[in-house]
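**Student:** can you look at this prediction? I've put the sequence above it.
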Amino acid sequence: MMRRLKQSNDEELERSVFEIYDEGGSVAAVVQSLSGSHTRASSSTRIRLGSAEPAVLALLKQLDPLVAALMLIAAELIYGRALSRPVCALAVLTFFVSSYVFNRSAREGELTGQATSRVYSRIFLEWGGIVAVLLFVAFALKITGDFSRLMLMTWFIATPLALCASHALRSRTRWVLANAARAPSYIIIGANNAGFELFRRLPQNGFLGFFDFRSPERVAEVIDPEKFAGHCRDVAEFVRSHRVTKIYIALPIANVPRIGEMVRELRDTTASIYFVPDIFAFDLIQGRLVDIEGMPVLAVCDTPFYGMDAVLKRATDIVFASLALLLASPLMLTIAAAIKLTSPGPVLFRQRRYGLNGEKILVYKFRSMTVCEDGAVIAQAQKQDQRVTPLGRFLRKSSLDELPQLFNVLQGKMSMVGPRPHAVAHNEMYRKLISGYMIRHKVRPGITGLAQVNGLRGETETIEKMRERVKYDLNYLSHWSPWLDFKIVLKTIGVVWRDRNAY
């Protein structure tokens, strides 16, 4: 009886939804109609974020951390040594550290489609980063004497070779599955940009055609007629007769009523059904699916630093800033004394700038000018600028004037790598002239950044130069990874001495 009552209520609810659409109602009206009658049921509904890849590929993706740990054990056994507690502890630590590096959600996408030499060099560098972390821990705990030097060198050299073999195995398996004679058959419902992009990314083997609500004549204007399989009203029969295993619905959300009706018809098949929203209609910044209490949400514009990524970024900043301050402290004291002796005024220059989420922060620099401007109007430094002192010219050229910003990093106001902070006066001007300018403040500003290592260091005398700098900043937000930070730091070292744009 309860089952019949629930079924009756659901049918009544569905009829009310379609009545609203038939009367010209909006999506908001549908949501409003659902809120009163369906809130209790939806409050317990949870949707998990998962994967649609074959089990063998999912398993192979988890192999890299295990390979790294097993190679350590193998190196210990090869030299005839019994497994000791330190080696077992190191194997466990290696597994957990490499799990974070190798199993990052974005990693497989970063490696797929790249040239073989680039992929393998990337794997070697990732392994080098893991080794650096392990060595840091070993030296900090003073346990390096517990391990055989020969065994460790063998492990360090052999492991990246094994990791490359593991990646080659995954790539080969992916190709075999995509090109197998019995590859899963699929159709795409929606001959539009989202459908075409999906088709480009899926294996070509197994594709049976596009379906759409439009007539063949209208669809022929945008796709090859040979790829068009039929009208959406015939899709259920096509799926049954051709034993289709996967259906991808890439229709605009405005077609919700007809999509709902079609999905009910497809329930009489055994095909898996996936809805593909047209996310390419947006200019995505860190576009990804996130889980909010069991509800999947598409992030359109977001910061990359959530969860363990935020922990890794902050820990890296603290470690590198501390080491840099320790090494540079004699030089910083010398510069401070030289500034005091060569020109009147304070040693440090403090200027208000925008930090994370657009909050105002005080950024420290060694004073390189005869003035300390921080008002509503600030002129950028130019060539032969009379405000720059002789010592300041050298400091600005070598970027040594930025060293006090290491204290900003330790305070949590800045990062080692990120978009460079601009004076508040410049921010207020450029935010009105450049679309998306303020998005760059979704991460902490950096001592160096992607724009600076790509020739945009120093004065931005035109709007186009600043627009280009912002473009690099947004590109950094979209594609951040620990590896990208590492590359920017390395390139910065070379840029500082070769660049002619800083003055």
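**Tutor:** Yep, that arrived. Residues are numbered from 1 along each chain as shown.

**Student:** got the residue ranges for the strands in the stretch 301-450 of the chain?
**Tutor:** 348-354, 360-366, 415-417, 446-448 (DSSP state E, counting those that start in this stretch).

**Student:** try the stretch 151-300 of the chain
**Tutor:** 186-189, 207-212, 228-231, 246-249, 272-275, 288-292, 295-299.

**Student:** the longest one: partners in the sheet, and parallel or antiparallel?
**Tutor:** Within its sheet, and counting by DSSP bridges, strand 207-212 is paired with strand 186-189 (parallel), strand 228-231 (parallel).

**Student:** worst mean pLDDT among those strands?
**Tutor:** With a mean of 90, strand 228-231 has the lowest mean pLDDT of the strands paired with strand 207-212.

**Student:** sorry, back to before: and the strands paired with strand 207-212, which is most packed in?
**Tutor:** Counting by mean count of other CB atoms under 10 Å, strand 186-189 has the highest mean neighbour count of the strands paired with strand 207-212, with a mean of 24. C-beta: built from backbone N, CA, C; applies to glycine.

**Student:** how far away from the center of its chain is that strand?
**Tutor:** 29 Å (CA atoms, centre = their mean, to the nearest Å).

**Student:** all helices for the stretch 301-450 of the chain, in order.
**Tutor:** 307-342, 390-398, 405-411, 424-433 (DSSP state H, counting those that start in this stretch).

**Student:** identify whichever of those lies nearest to residue 473.
**Tutor:** helix 424-433 (11.5 Å; CB to CB).

**Student:** alpha carbons of the closest one, as PDB, please.
**Tutor:** Output in PDB follows, covering the C-alpha atoms of helix 424-433 (Å, rounded to 0.1, in the frame of the first residue of the first chain):
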ATOM      1  CA  VAL A 424      46.000  49.300  -4.300                       C
ATOM      2  CA  ALA A 425      45.900  52.400  -6.500                       C
ATOM      3  CA  HIS A 426      46.800  50.300  -9.600                       C
ATOM      4  CA  ASN A 427      44.300  47.600  -8.600                       C
ATOM      5  CA  GLU A 428      41.500  50.000  -8.400                       C
ATOM      6  CA  MET A 429      42.400  51.300 -11.900                       C
ATOM      7  CA  TYR A 430      42.900  48.000 -13.700                       C
ATOM      8  CA  ARG A 431      39.900  46.200 -12.200                       C
ATOM      9  CA  LYS A 432      37.700  48.700 -14.200                       C
ATOM     10  CA  LEU A 433      39.700  48.200 -17.400                       C
END
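
**Student:** from the chain's centre, how far out does it sit?
**Tutor:** Worked out by CA atoms, centre = their mean, helix 424-433 lies 27 Å from the chain centre.

**Student:** now the angle from it to strand 348-354?
**Tutor:** 30 degrees (axes from the mean of the first three to the mean of the last three CA atoms, to 10 degrees).

**Student:** got the angle between helix 424-433 and strand 360-366?
**Tutor:** Using the same axes, to 10 degrees: helix 424-433 against strand 360-366 is 120 degrees.

**Student:** give me the helices and strands touching helix 424-433, please.
**Tutor:** Applying 3 or more CB pairs under 8 Å, 6 or more residues apart in numbering; DSSP states H and E, we find helix 424-433 packed against strand 348-354, helix 463-479.

**Student:** so can I have CSV of those showing mean neighbour count and mean pLDDT?
**Tutor:** Formatted as CSV, the helices and strands packed on helix 424-433 follow (neighbours: other CB atoms under 10 Å; pLDDT from 0 to 100):
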stretch, mean neighbour count, mean pLDDT
strand 348-354, 18, 87
helix 463-479, 18, 90
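
**Student:** and those as JSON lines, adding distance to residue 312?
**Tutor:** Shown next, in JSON lines, are those (distance: least, CB to CB, whole Å):
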{"stretch": "strand 348-354", "distance to residue 312": "24"}
{"stretch": "helix 463-479", "distance to residue 312": "16"}
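
**Student:** mind checking which of these is nearest residue 419?
**Tutor:** Of all the helices and strands packed on helix 424-433, helix 463-479 comes closest under CB to CB, at 3.9 Å.

**Student:** other SSEs contacting the closest one?
**Tutor:** So helix 463-479, by 3+ CB pairs under 8 Å, 6+ apart, packs with helix 424-433.

**Student:** where does the stretch 101-250 of the chain dip in pLDDT?
**Tutor:** Applying pLDDT under 70 to the stretch 101-250 of the chain flags residues 104-106, 108-110, 113, 181-182.

**Student:** need the helices for it, in chain order.
**Tutor:** 107-111, 116-141, 149-179, 193-201, 216-219, 235-242.

**Student:** of the strands paired with strand 207-212, which approaches residue 298 most closely?
**Tutor:** Going by CB to CB, the one of the strands paired with strand 207-212 nearest residue 298 is strand 186-189, 19.6 Å.

**Student:** hmm, who's touching the closest one?
**Tutor:** The contact list for strand 186-189 (CB atoms under 8 Å, 6 or more residues apart in numbering) reads 195, 198-199, 202, 206-212, 229, 232, 235, 238-239, 244-251, 262.

**Student:** are any of those residues buried, and which?
**Tutor:** Buried members of the contacts of strand 186-189, scored by 16 or more other CB atoms under 10 Å, are 195, 198-199, 202, 206-212, 229, 232, 235, 238-239, 244-251, 262.

**Student:** just to revisit the earlier point, the helices of the stretch 301-450 of the chain: which one's closest to residue 367?
**Tutor:** helix 307-342 (5.9 Å).

**Student:** mind giving me the packing neighbours of that closest one?
**Tutor:** strand 360-366, helix 390-398, helix 405-411, strand 415-417, helix 482-498.

**Student:** any idea which of those is most buried?
**Tutor:** Highest mean neighbour count among those (mean count of other CB under 10 Å): strand 415-417, a mean of 27.

**Student:** pull up the pairing partners for that strand, direction included.
**Tutor:** Going by DSSP bridges, the partners of strand 415-417 are strand 446-448 (parallel).

**Student:** okay, buried residues for the partner strand please.
**Tutor:** 446-448.

**Student:** ok now that strand, how far from the chain's centre?
**Tutor:** That offset, for strand 446-448, works out to 19 Å (CA atoms, centre = their mean).

**Student:** just stretch 477-497 next, same as before
**Tutor:** 15 Å.

**Student:** how about stretch 389-396?
**Tutor:** 38 Å.

**Student:** kindly export it (C-alpha atoms) in CSV.
**Tutor:** Taking C-alpha atoms only, stretch 389-396 is exported to CSV below (Å, rounded to 0.1, in the frame of the first residue of the first chain):
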residue,chain,number,x,y,z
THR,A,389,68.7,55.5,-5.9
PRO,A,390,71.9,54.1,-7.3
LEU,A,391,71.9,51.2,-4.9
GLY,A,392,68.1,50.8,-5.4
ARG,A,393,68.7,50.4,-9.2
PHE,A,394,70.9,47.4,-8.5
LEU,A,395,68.5,45.9,-6.0
ARG,A,396,65.6,46.3,-8.4
